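1. My questions are about this predicted structure, shown below with the sequence.
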Amino acid sequence: MVTALGPDVERVLSVIREAGGRPMLVGGFVRDLIMDRAAASKDIDVEVYALTFAALAEALGRAGRVDEVGKSYGVLKIRAGDTDLDVNVPLRERKIGTGHRGFDITPDMSLDYREASARRDFTMNAILLDPEAGTVIDCHGGLEDIAAGVLRHTSDAFAEDPLRVLRAVQFAARFGFHLAPETAALCHSLAGSYGELPVERVWCEVEKIGTAALLHDVGKIYDKYAPILLKQDRLTPQEWAIIKEHPNDGANLIATMTRLREMVPAVRHHHENWDGTGYPEGLKEDEIPLASRVIMFADTFDAMTTKRPYRGPMGEEEVRSELIRCRGRQFDPDITDRLLASDFWRTLFPPADRAVRTPRFMRLIGSDTR
(Lines give C-alpha, C1' and ligand atoms only; values in the text may rest on other atoms or scores of the structure.)
Protein backbone atom coordinates (compact mmCIF):
# COMPACT_ATOMS: atom_id res chain seq x y z
CA MET A 1 0.00 0.00 0.00
CA VAL A 2 3.04 2.31 0.12
CA THR A 3 3.11 4.88 -2.62
CA ALA A 4 6.46 5.99 -3.97
CA LEU A 5 8.29 7.77 -1.17
CA GLY A 6 10.80 9.33 -3.50
CA PRO A 7 14.48 8.49 -3.99
CA ASP A 8 15.70 10.79 -1.21
CA VAL A 9 13.48 9.19 1.44
CA GLU A 10 14.26 5.70 0.13
CA ARG A 11 17.98 6.46 0.43
CA VAL A 12 17.61 7.38 4.11
CA LEU A 13 15.62 4.21 4.79
CA SER A 14 18.22 2.15 2.90
CA VAL A 15 21.05 3.61 5.01
CA ILE A 16 19.18 2.62 8.18
CA ARG A 17 18.69 -0.94 6.93
CA GLU A 18 22.35 -1.24 5.95
CA ALA A 19 23.23 -0.34 9.57
CA GLY A 20 21.04 -3.23 10.78
CA GLY A 21 17.89 -1.25 11.65
CA ARG A 22 14.24 -1.93 10.78
CA PRO A 23 12.63 1.41 9.86
CA MET A 24 8.85 1.64 10.30
CA LEU A 25 6.70 4.51 9.14
CA VAL A 26 4.31 5.65 11.85
CA GLY A 27 2.06 8.52 12.89
CA GLY A 28 0.24 11.03 10.73
CA PHE A 29 1.79 10.00 7.42
CA VAL A 30 0.54 6.43 7.76
CA ARG A 31 -2.87 7.62 8.97
CA ASP A 32 -3.23 9.99 6.02
CA LEU A 33 -2.05 7.32 3.59
CA ILE A 34 -4.75 4.95 4.84
CA MET A 35 -7.34 7.73 4.57
CA ASP A 36 -6.18 8.66 1.05
CA ARG A 37 -4.94 11.99 2.36
CA ALA A 38 -1.20 11.41 1.85
CA ALA A 39 -0.77 14.80 0.16
CA ALA A 40 -1.74 16.43 3.45
CA SER A 41 1.38 15.10 5.20
CA LYS A 42 4.36 17.45 5.07
CA ASP A 43 6.67 15.19 7.05
CA ILE A 44 7.18 11.54 7.90
CA ASP A 45 7.78 9.90 11.27
CA VAL A 46 10.13 6.92 11.19
CA GLU A 47 10.58 4.61 14.16
CA VAL A 48 13.67 2.39 13.95
CA TYR A 49 13.92 -0.99 15.65
CA ALA A 50 16.97 -3.22 16.24
CA LEU A 51 19.35 -0.26 16.32
CA THR A 52 20.68 1.80 19.20
CA PHE A 53 20.17 5.54 19.23
CA ALA A 54 23.91 6.15 18.82
CA ALA A 55 24.09 3.78 15.86
CA LEU A 56 21.04 5.43 14.32
CA ALA A 57 22.62 8.88 14.61
CA GLU A 58 25.80 7.60 12.98
CA ALA A 59 23.88 5.97 10.12
CA LEU A 60 21.80 9.07 9.41
CA GLY A 61 24.99 11.12 9.29
CA ARG A 62 25.95 9.17 6.20
CA ALA A 63 22.65 10.10 4.51
CA GLY A 64 22.83 13.84 5.02
CA ARG A 65 22.92 16.64 7.56
CA VAL A 66 21.22 15.62 10.79
CA ASP A 67 19.45 18.17 12.97
CA GLU A 68 19.90 17.11 16.60
CA VAL A 69 17.49 19.67 18.04
CA GLY A 70 15.30 16.83 19.36
CA LYS A 71 18.16 14.63 20.51
CA SER A 72 17.39 15.20 24.20
CA TYR A 73 14.08 13.42 23.81
CA GLY A 74 15.23 10.77 21.38
CA VAL A 75 14.37 12.27 18.00
CA LEU A 76 16.66 13.15 15.11
CA LYS A 77 15.59 15.21 12.10
CA ILE A 78 16.89 14.90 8.58
CA ARG A 79 15.84 16.53 5.33
CA ALA A 80 15.28 14.13 2.43
CA GLY A 81 14.67 16.17 -0.71
CA ASP A 82 11.43 18.07 -0.06
CA THR A 83 10.43 15.87 2.89
CA ASP A 84 11.28 16.27 6.56
CA LEU A 85 11.90 13.03 8.45
CA ASP A 86 11.60 12.73 12.24
CA VAL A 87 13.53 9.59 13.12
CA ASN A 88 13.62 7.88 16.50
CA VAL A 89 14.15 4.53 18.15
CA PRO A 90 11.41 3.14 20.46
CA LEU A 91 10.87 5.59 23.30
CA ARG A 92 9.65 5.20 26.84
CA GLU A 93 7.82 8.15 28.41
CA ARG A 94 7.61 8.77 32.14
CA LYS A 95 5.50 11.51 33.70
CA ILE A 96 7.66 13.62 36.04
CA GLY A 97 5.89 16.99 36.15
CA THR A 98 2.84 18.98 35.14
CA GLY A 99 1.80 20.06 31.69
CA HIS A 100 2.56 18.65 28.28
CA ARG A 101 6.32 19.11 28.79
CA GLY A 102 6.53 17.28 32.11
CA PHE A 103 7.88 14.00 30.71
CA ASP A 104 11.15 12.11 30.85
CA ILE A 105 11.60 10.50 27.42
CA THR A 106 14.35 7.93 26.95
CA PRO A 107 15.25 5.44 24.20
CA ASP A 108 14.34 1.86 25.14
CA MET A 109 15.36 -0.87 22.70
CA SER A 110 13.48 -3.51 24.70
CA LEU A 111 10.07 -2.21 23.61
CA ASP A 112 8.18 -4.23 21.03
CA TYR A 113 5.76 -2.81 18.46
CA ARG A 114 2.75 -2.87 20.78
CA GLU A 115 4.56 -1.27 23.71
CA ALA A 116 6.27 1.38 21.61
CA SER A 117 3.12 2.41 19.73
CA ALA A 118 1.08 2.58 22.95
CA ARG A 119 2.67 5.97 23.71
CA ARG A 120 0.87 7.47 20.69
CA ASP A 121 -2.21 9.52 21.50
CA PHE A 122 -4.87 7.86 19.33
CA THR A 123 -5.21 4.46 17.72
CA MET A 124 -5.30 6.00 14.25
CA ASN A 125 -1.83 7.47 14.91
CA ALA A 126 -0.40 4.23 16.33
CA ILE A 127 -0.40 2.20 13.11
CA LEU A 128 3.03 1.11 11.84
CA LEU A 129 3.85 0.51 8.19
CA ASP A 130 6.83 -1.50 7.00
CA PRO A 131 7.85 0.40 3.84
CA GLU A 132 9.99 -2.47 2.55
CA ALA A 133 7.39 -5.22 2.86
CA GLY A 134 4.39 -2.94 2.40
CA THR A 135 2.68 -4.48 5.43
CA VAL A 136 0.71 -2.77 8.19
CA ILE A 137 1.17 -3.51 11.89
CA ASP A 138 -1.91 -2.44 13.82
CA CYS A 139 -1.63 -3.35 17.49
CA HIS A 140 -4.44 -1.13 18.81
CA GLY A 141 -7.33 -1.35 16.34
CA GLY A 142 -6.54 1.85 14.47
CA LEU A 143 -7.69 0.55 11.08
CA GLU A 144 -11.10 -0.36 12.44
CA ASP A 145 -11.47 3.00 14.17
CA ILE A 146 -10.56 4.90 10.99
CA ALA A 147 -13.13 2.91 9.02
CA ALA A 148 -15.78 3.70 11.65
CA GLY A 149 -14.83 7.38 11.98
CA VAL A 150 -13.97 6.93 15.66
CA LEU A 151 -11.29 8.79 17.61
CA ARG A 152 -10.09 6.49 20.42
CA HIS A 153 -7.19 6.92 22.83
CA THR A 154 -4.49 4.28 22.59
CA SER A 155 -3.76 3.68 26.27
CA ASP A 156 -4.30 5.02 29.78
CA ALA A 157 -1.15 7.11 29.31
CA PHE A 158 -3.39 9.53 27.37
CA ALA A 159 -4.49 10.99 30.72
CA GLU A 160 -0.94 12.08 31.56
CA ASP A 161 -0.90 14.88 28.98
CA PRO A 162 -3.75 17.45 28.98
CA LEU A 163 -2.59 18.69 25.58
CA ARG A 164 -4.02 15.49 24.13
CA VAL A 165 -7.52 16.71 24.94
CA LEU A 166 -6.83 19.68 22.68
CA ARG A 167 -5.54 17.33 20.01
CA ALA A 168 -8.76 15.35 20.32
CA VAL A 169 -10.71 18.51 19.50
CA GLN A 170 -8.41 19.24 16.56
CA PHE A 171 -8.62 15.75 15.06
CA ALA A 172 -12.37 15.43 15.56
CA ALA A 173 -12.84 18.74 13.73
CA ARG A 174 -10.35 17.98 10.97
CA PHE A 175 -11.63 14.52 10.08
CA GLY A 176 -15.26 14.72 11.19
CA PHE A 177 -14.67 11.82 13.62
CA HIS A 178 -16.59 11.33 16.85
CA LEU A 179 -14.97 10.43 20.14
CA ALA A 180 -15.25 6.90 21.46
CA PRO A 181 -17.40 7.03 24.63
CA GLU A 182 -14.49 6.01 26.85
CA THR A 183 -12.26 8.66 25.26
CA ALA A 184 -14.90 11.35 25.72
CA ALA A 185 -15.29 10.34 29.37
CA LEU A 186 -11.52 10.44 29.87
CA CYS A 187 -11.31 13.92 28.32
CA HIS A 188 -14.05 15.17 30.63
CA SER A 189 -12.24 13.68 33.63
CA LEU A 190 -9.15 15.74 32.79
CA ALA A 191 -10.97 19.07 33.16
CA GLY A 192 -8.97 19.86 36.29
CA SER A 193 -5.75 19.73 34.25
CA TYR A 194 -6.84 22.09 31.48
CA GLY A 195 -5.11 24.96 33.27
CA GLU A 196 -1.79 23.33 32.33
CA LEU A 197 -2.45 23.86 28.61
CA PRO A 198 -0.44 26.59 26.85
CA VAL A 199 -2.64 29.67 26.44
CA GLU A 200 -1.57 30.21 22.83
CA ARG A 201 -2.64 26.69 21.85
CA VAL A 202 -6.06 27.09 23.47
CA TRP A 203 -6.59 30.50 21.85
CA CYS A 204 -5.76 29.03 18.45
CA GLU A 205 -8.66 26.59 18.84
CA VAL A 206 -10.99 29.38 19.97
CA GLU A 207 -10.11 31.32 16.82
CA LYS A 208 -10.97 28.28 14.68
CA ILE A 209 -14.41 28.05 16.28
CA GLY A 210 -14.86 31.78 15.68
CA THR A 211 -13.95 31.39 12.01
CA ALA A 212 -16.35 28.46 11.60
CA ALA A 213 -19.05 30.54 13.31
CA LEU A 214 -18.60 33.34 10.80
CA LEU A 215 -18.96 30.83 7.96
CA HIS A 216 -21.68 28.60 9.38
CA ASP A 217 -24.50 29.95 7.18
CA VAL A 218 -22.45 30.60 4.04
CA GLY A 219 -24.45 27.88 2.25
CA LYS A 220 -27.40 30.25 2.15
CA ILE A 221 -25.58 32.30 -0.47
CA TYR A 222 -27.20 30.22 -3.22
CA ASP A 223 -30.22 31.64 -5.06
CA LYS A 224 -32.60 28.87 -4.01
CA TYR A 225 -32.61 30.17 -0.43
CA ALA A 226 -33.39 33.85 -1.15
CA PRO A 227 -37.20 33.67 -1.44
CA ILE A 228 -37.39 31.42 1.62
CA LEU A 229 -35.25 33.67 3.80
CA LEU A 230 -37.33 36.71 2.79
CA LYS A 231 -40.62 34.98 3.52
CA GLN A 232 -42.58 36.38 6.49
CA ASP A 233 -45.03 33.48 6.84
CA ARG A 234 -44.53 29.99 8.20
CA LEU A 235 -42.44 27.77 5.92
CA THR A 236 -44.01 24.87 4.06
CA PRO A 237 -42.57 21.31 4.44
CA GLN A 238 -41.01 21.68 1.00
CA GLU A 239 -39.34 24.94 1.98
CA TRP A 240 -38.03 23.42 5.21
CA ALA A 241 -36.53 20.57 3.20
CA ILE A 242 -34.63 23.11 1.10
CA ILE A 243 -33.47 25.07 4.17
CA LYS A 244 -32.06 21.88 5.66
CA GLU A 245 -29.69 21.61 2.70
CA HIS A 246 -27.72 24.72 3.67
CA PRO A 247 -25.27 23.05 6.12
CA ASN A 248 -24.10 20.64 3.42
CA ASP A 249 -24.05 23.37 0.79
CA GLY A 250 -21.91 25.54 3.06
CA ALA A 251 -19.56 22.72 4.01
CA ASN A 252 -19.09 21.69 0.38
CA LEU A 253 -18.36 25.29 -0.57
CA ILE A 254 -15.62 25.91 2.02
CA ALA A 255 -14.16 22.46 1.33
CA THR A 256 -12.93 23.92 -1.96
CA MET A 257 -10.75 26.38 -0.04
CA THR A 258 -7.57 24.79 1.32
CA ARG A 259 -7.17 27.07 4.34
CA LEU A 260 -10.75 26.53 5.45
CA ARG A 261 -11.05 22.76 5.13
CA GLU A 262 -10.63 22.27 8.87
CA MET A 263 -13.90 24.15 9.33
CA VAL A 264 -15.94 21.76 7.16
CA PRO A 265 -17.23 19.46 9.96
CA ALA A 266 -18.14 22.43 12.18
CA VAL A 267 -20.16 24.04 9.40
CA ARG A 268 -21.76 20.81 8.20
CA HIS A 269 -23.06 19.85 11.64
CA HIS A 270 -24.10 23.17 13.21
CA HIS A 271 -27.77 22.12 13.13
CA GLU A 272 -27.28 18.76 14.84
CA ASN A 273 -29.15 18.43 18.14
CA TRP A 274 -27.68 16.84 21.25
CA ASP A 275 -30.42 14.16 21.27
CA GLY A 276 -29.88 13.21 17.62
CA THR A 277 -32.98 14.91 16.18
CA GLY A 278 -31.11 17.52 14.16
CA TYR A 279 -29.80 17.57 10.61
CA PRO A 280 -28.19 16.81 8.19
CA GLU A 281 -26.96 13.47 9.61
CA GLY A 282 -28.77 13.10 12.93
CA LEU A 283 -25.55 12.98 14.96
CA LYS A 284 -25.94 13.00 18.73
CA GLU A 285 -23.98 13.89 21.84
CA ASP A 286 -20.19 13.66 21.41
CA GLU A 287 -20.59 12.54 17.79
CA ILE A 288 -21.27 16.22 17.07
CA PRO A 289 -18.06 18.28 16.67
CA LEU A 290 -17.52 20.57 19.65
CA ALA A 291 -17.36 23.64 17.40
CA SER A 292 -20.76 22.74 15.95
CA ARG A 293 -22.25 22.45 19.44
CA VAL A 294 -20.89 25.87 20.40
CA ILE A 295 -22.20 27.46 17.18
CA MET A 296 -25.63 25.85 17.61
CA PHE A 297 -25.88 27.19 21.16
CA ALA A 298 -24.65 30.72 20.39
CA ASP A 299 -26.73 30.98 17.21
CA THR A 300 -29.91 30.03 19.05
CA PHE A 301 -29.11 32.35 21.95
CA ASP A 302 -28.66 35.20 19.51
CA ALA A 303 -31.97 34.38 17.82
CA MET A 304 -33.76 34.46 21.18
CA THR A 305 -32.26 37.74 22.32
CA THR A 306 -32.66 39.83 19.17
CA LYS A 307 -35.78 41.35 17.68
CA ARG A 308 -37.59 39.18 15.15
CA PRO A 309 -40.32 40.16 12.64
CA TYR A 310 -42.85 38.24 14.74
CA ARG A 311 -41.70 39.13 18.31
CA GLY A 312 -39.42 41.27 20.39
CA PRO A 313 -36.23 40.07 22.11
CA MET A 314 -36.70 37.60 24.94
CA GLY A 315 -35.75 38.65 28.48
CA GLU A 316 -33.34 37.00 30.90
CA GLU A 317 -35.75 34.67 32.70
CA GLU A 318 -37.48 33.63 29.48
CA VAL A 319 -34.12 32.84 27.88
CA ARG A 320 -32.97 30.92 30.96
CA SER A 321 -36.16 28.84 30.97
CA GLU A 322 -35.80 28.06 27.28
CA LEU A 323 -32.14 27.03 27.65
CA ILE A 324 -33.04 24.74 30.54
CA ARG A 325 -35.96 23.28 28.59
CA CYS A 326 -33.72 22.48 25.61
CA ARG A 327 -30.77 21.28 27.71
CA GLY A 328 -29.93 17.71 26.72
CA ARG A 329 -32.33 17.92 23.78
CA GLN A 330 -31.06 20.62 21.48
CA PHE A 331 -28.06 21.80 23.48
CA ASP A 332 -24.97 20.19 24.96
CA PRO A 333 -25.80 20.03 28.71
CA ASP A 334 -22.25 20.98 29.68
CA ILE A 335 -22.25 24.15 27.55
CA THR A 336 -25.66 25.11 28.93
CA ASP A 337 -24.67 24.54 32.57
CA ARG A 338 -21.39 26.39 32.24
CA LEU A 339 -23.00 29.51 30.77
CA LEU A 340 -25.88 29.62 33.26
CA ALA A 341 -23.51 29.18 36.21
CA SER A 342 -20.97 31.74 35.00
CA ASP A 343 -20.57 35.40 35.93
CA PHE A 344 -20.62 36.13 32.18
CA TRP A 345 -24.32 35.19 32.03
CA ARG A 346 -25.40 38.31 33.91
CA THR A 347 -23.43 40.59 31.61
CA LEU A 348 -25.64 39.54 28.71
CA PHE A 349 -28.63 41.23 30.35
CA PRO A 350 -27.75 44.77 31.54
CA PRO A 351 -29.58 45.58 34.79
CA ALA A 352 -30.51 49.16 33.81
CA ASP A 353 -33.49 48.25 31.69
CA ARG A 354 -33.10 44.46 31.32
CA ALA A 355 -33.24 44.99 27.57
CA VAL A 356 -31.19 42.47 25.71
CA ARG A 357 -28.15 43.90 24.00
CA THR A 358 -26.35 40.96 22.52
CA PRO A 359 -22.53 41.28 22.62
CA ARG A 360 -20.83 41.91 19.31
CA PHE A 361 -19.16 38.52 19.24
CA MET A 362 -22.57 36.83 19.50
CA ARG A 363 -23.93 38.93 16.65
CA LEU A 364 -21.02 37.84 14.48
CA ILE A 365 -22.37 34.31 14.57
CA GLY A 366 -25.64 35.27 12.91
CA SER A 367 -29.23 35.59 13.94
CA ASP A 368 -31.24 33.20 11.79
CA THR A 369 -31.67 29.67 13.13
CA ARG A 370 -33.36 28.34 10.03
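-> Received, thanks.
2. does the residue nearest to Gln170 when sequence neighbours are not counted sit in a helix or strand, and which one?
-> Among residues not flanking Gln170 along the chain, Glu205 sits closest, at 7.0 Å (C-beta to C-beta, 6 or more residues apart in numbering). Bear in mind the C-beta positions are built from the backbone N, C-alpha and C, glycine included. Applying DSSP states H and E as the criterion places Glu205 in helix 199-215.
3. buried ones in that helix?
-> Buried residues in helix 199-215, counted by 16 or more other C-beta atoms under 10 Å: Glu205, Lys208, Ile209, Gly210, Thr211, Ala212, Ala213, Leu215.
4. I'd guessed Gly250 sits against Gly219; true?
-> Yes: with contact defined as C-beta atoms under 8 Å, Gly250 counts as touching Gly219 (3.0 Å).
5. Which neighbours do these two have in common?
-> Val267 (C-beta atoms under 8 Å, 6 or more residues apart in numbering).
6. before we move on, back to that, quick one: list the elements packing against the helix holding Glu205.
-> Applying 3 or more C-beta pairs under 8 Å, 6 or more residues apart in numbering; DSSP states H and E, one finds that helix 199-215 contacts helix 163-175, helix 264-268, helix 290-304.
7. where's it relative to the chain centroid, distance-wise?
-> Distance, stretch centre to chain centre, for helix 199-215: 12 Å (C-alpha atoms, centre = their mean, to the nearest Å).
8. now that helix and helix 163-175, what's the angle there?
-> Helix 199-215 runs at 30 degrees relative to helix 163-175, counting by axes from the mean of the first three to the mean of the last three C-alpha atoms, to 10 degrees.
9. Show me what secondary structure element comes after helix 199-215.
-> Remark: after helix 199-215, the chain's next helix or strand is helix 226-229, criterion DSSP H and E.
10. Following that following helix in sequence, what is the next regular element?
-> Using DSSP H and E, the helix or strand that directly follows helix 226-229 along the chain is helix 237-243.
11. What residues sit buried inside that next one?
-> Glu239, Ile243.
12. quick check: mean pLDDT across that helix?
-> Model confidence over helix 237-243 averages 92 on the pLDDT scale.
13. Can you show me the strands along this protein?
-> Assigned strands in the chain, in chain order: 22-26, 43-49, 66-67, 75-80, 83-88, 91-95, 103-107, 128-130, 135-137, 150-151, 178-179 (criterion: DSSP state E).
14. So Ala191 versus Pro162, what's the distance?
-> 9 Å (C-beta to C-beta, to the nearest Å).
15. pLDDT below threshold where in the stretch 201-350 of the chain?
-> Filtered on pLDDT under 70, the stretch 201-350 of the chain yields the residue ranges 201-202, 258, 308-310, 350.
16. Equivalent analysis for the stretch 51-200 of the chain, please.
-> Checking the stretch 51-200 of the chain against pLDDT under 70 turns up 69-70, 72-73, 95-104, 173, 194, 196-198.
17. So this structure: which segments form each domain?
-> 7-156, 200-363 (automatic domain parsing).
18. would you list those in TSV and tack on distance to Ala180?
-> Formatted as TSV, the domains of the chain follow (distance: least, C-beta to C-beta, whole Å):
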stretch	distance to Ala180
domain 7-156	4
domain 200-363	9
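19. more neighbours, Ala191 and Pro162?
-> Pro162 (19 against 11; other C-beta atoms under 10 Å).
20. Okay, helices next: where are they in the stretch 1-150 of the chain?
-> 7-18, 28-34, 53-61, 113-117, 142-148 (DSSP state H, counting those that start in this stretch).
21. Can you give me the buried ones in the first one?
-> For helix 7-18, the buried set under the neighbour-count rule, 16+ other C-beta under 10 Å, comprises Asp8, Val9, Arg11, Val12, Leu13, Val15, Ile16, Arg17.
22. same deal with the fourth one?
-> Of the residues in helix 113-117, those buried by neighbour count under the rule 16+ other C-beta under 10 Å are Tyr113, Ala116, Ser117.
23. Over to the third one?
-> Judged by neighbour count using 16+ other C-beta under 10 Å, the buried positions of helix 53-61 are Phe53, Ala55, Leu56, Ala57, Ala59, Leu60.
24. So which of the domains of the chain is nearest Gly176?
-> Evaluated over the domains of the chain, closeness to Gly176 peaks at domain 200-363, with 4.1 Å, by C-beta to C-beta.
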